[in-house]
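Peer 1: sharing a model that was predicted from the sequence below.
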Amino acid sequence: MSLLTAVPSASTDPDARSRRRTDRSGHPGALPDTVVVADSIEAVQDTLRWANAHRVPVIPRGAGTGLAGGAVAGPGIVLDLSGLAAITALEPVDLTADVQPGVITADLDRAAAAYGLCYAPDPASAALSTIGGNIATNAGGMRCVKYGVTRDAVLGLDVVLADGRRIRTGRRTTKGVAGLDLTSLLVGSEGTLGVIVGATVRLTPRPDQLATVAAAFPTVVAAATACAELTRRRLRPSMLELLDPATLAVIDRQQGTELAARGGALVLAQVDGPGLREQLTAVRQAFAPLAAEVRATEDPDEADALLAARRLALPSIEAEAHALIEDICVPRSRLAEAVEGVAAISARHGVATYTFAHAGDGNLHPILSYDRRLDRPPAEVEAAGDAIFSLALELGGTVTGEHGIGLLKRAWLAREVGTDTLEVFRSLKRALDPHDILNPGKAL
């Protein structure tokens, strides 16, 4: 029996295959043989049963917003889960929601807002990315400094294994320690251990008080030092974002803003909840010794405008050049060293680099740009990227804070975790996917 017979939603249409060839990483990938746009969980199960029996690779896919090549296609089947997009339950008393993988992140947050709640993980791609993709990469975002990353919000998962079996992991309760924590294992596994077809996620009360601070600094190192000072003073903003001079300039060029006129670097911080004024005062006092200017607002429209500019950083860069997007993470105490190191690497290799960061948790996004006429990054850009990964590890950090390993960073995984640990990862993969059909060549 062919897949087209076993799964009615399977298609070999050239346009459907071409549209799902790559993701936002820009890796060219290869044309898949077949696309299944899943219209039910049963279609997912039937696809995996057939693929497992015939040893055919399956590449799970959501909205295609991934930045590490985790959804890049190749020979085999692309399993598109974006159509499974229902919020099947929202329980305001339990502070939970049950969602399918194709739910757009921002749509879940809006649905929760009707009950005075929010879905805390807030990736820059929230308006486009899906919950399933966020879970696959353990996505972070601007609010994670206070509210945590995706793993902190996932209570349980509905998963189809490589052989088509469907299992439930985790729980819907606040507490629970029955059995092994398969939920945490599957979050961040990038589609290599199972296909997520549902999730129970944690919701959070939406703050009714919010203030935003915009602080300009003469240098990016001064800005990074000031961000670390917040942690030293035991302050916990709900958001802490840093943008370097090059990033401010490209946003200004593309969006018509005037962010660069404020100073050499910009930090955006938010505080929320009880004691708002006291928190706001403490943040301003922490920034004042190093800042050229500190302004605060409780006006939601002004705050939205500032945060919109931050979210437009990557699109603004991509409007002018190709971008090799990195996401190293270092201990917060070493953020300033990381910023200095990235600048030195950029200068040494002669590569234009834009750096912005989720500064509250040490997660930097150095963006290496290159001529859009080129099909792939030139040698000096790849060398600069390698040097940035080395810097992250030297500072006690990681080569990926939230984008995942995907296809683009596999060579660096063993250098970070060691060969013995990598073999443990692979043994778990073999136990759940003995024929290696789930997203082969990615993550592990």
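Peer 2: Now that the structure is in, tell me what you want to look at.
Peer 1: C-alpha from now on. contacts and neighbour counts both.
Peer 2: Fine.
Peer 1: CA atoms of the helix or strand bottoming out on mean pLDDT in the chain as PDB?
Peer 2: Here the helix or strand of the chain ranked lowest by mean pLDDT, DSSP states H and E is helix 300-311, holding a mean of 85. Extracted in PDB, the C-alpha atoms of helix 300-311 (Å, rounded to 0.1, in the frame of the first residue of the first chain):
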ATOM      1  CA  PRO A 300       0.800  51.100  27.000                       C
ATOM      2  CA  ASP A 301       0.900  52.700  23.500                       C
ATOM      3  CA  GLU A 302       4.300  54.100  24.100                       C
ATOM      4  CA  ALA A 303       5.500  50.800  25.500                       C
ATOM      5  CA  ASP A 304       4.100  48.900  22.500                       C
ATOM      6  CA  ALA A 305       5.900  51.200  20.100                       C
ATOM      7  CA  LEU A 306       9.200  50.500  21.800                       C
ATOM      8  CA  LEU A 307       8.700  46.800  21.900                       C
ATOM      9  CA  ALA A 308       7.500  46.700  18.300                       C
ATOM     10  CA  ALA A 309      10.800  48.300  17.300                       C
ATOM     11  CA  ARG A 310      12.600  45.500  19.200                       C
ATOM     12  CA  ARG A 311      10.600  42.800  17.400                       C
END
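Peer 1: packing partners of the helix or strand following that helix?
Peer 2: Counting by DSSP states H and E, the next helix or strand C-terminal to helix 300-311 is helix 313-318. Helix 313-318 is packed against helix 245-255, with contacts defined by 3 or more Cα pairs under 8 Å, 6 or more residues apart in numbering; DSSP states H and E.
Peer 1: how much space between residue 439 and residue 370?
Peer 2: Separation of residue 439 from residue 370 (Cα to Cα, to the nearest Å): 29 Å.
Peer 1: who has more neighbours out of these two?
Peer 2: residue 439 (29 against 21; other Cα atoms under 10 Å).
Peer 1: I figured that one hits residue 56, correct?
Peer 2: No. Residue 439 is beyond contact range of residue 56, at 10.4 Å (criterion: Cα atoms under 8 Å).
Peer 1: and the one helix or strand residue 59 maps to, what's its mean pLDDT?
Peer 2: Following DSSP H and E, one finds residue 59 within strand 58-61. Per-residue pLDDT over strand 58-61 has a mean of 98.
Peer 1: ok so, going back, now the least confident helix or strand of the chain: buried residues?
Peer 2: 303, 306, 307, 309, 310, 311 (16 or more other Cα atoms under 10 Å).
Peer 1: and for stretch 358-368, what are the contacting residues?
Peer 2: 141-142, 145, 224, 227-228, 231, 237, 239-242, 323-332, 334-335, 342, 351-357, 381, 385, 401 (Cα atoms under 8 Å, 6 or more residues apart in numbering).
Peer 1: and the residue nearest to the spatial centre of the chain, what pLDDT?
Peer 2: With distances taken as Cα atoms, centre = their mean, the residue of the chain nearest its centroid is residue 139 (3.4 Å). Turning to residue 139, the model gives it a pLDDT of 95.
Peer 1: make 18 the first number, not 1, from now on.
Peer 2: Sure thing, new numbering starts at 18, so read that last one as residue 156.
Peer 1: how about it, secondary structure?
Peer 2: coil (DSSP: H, G, I helix; E, B strand; the rest coil).
Peer 1: identify the residues contacting it.
Peer 2: Counted by Cα under 8 Å, 6+ apart, residue 156 has contacts 138, 140, 166, 167, 419, 420.
Peer 1: which residues does the nearest residue to the third one once chain neighbours are set aside contact?
Peer 2: Excluding the flanking residues, the one nearest residue 166 by Cα to Cα, 6 or more residues apart in numbering is residue 157, at 4.5 Å. For residue 157, the contacting residues are 138, 139, 140, 165, 166, 167, 418, 419, by Cα under 8 Å, 6+ apart.
Peer 1: any idea how far residue 223 lies from residue 129?
Peer 2: Separation of residue 223 from residue 129 (Cα to Cα): 9 Å.
Peer 1: thanks again, I'm all set now.
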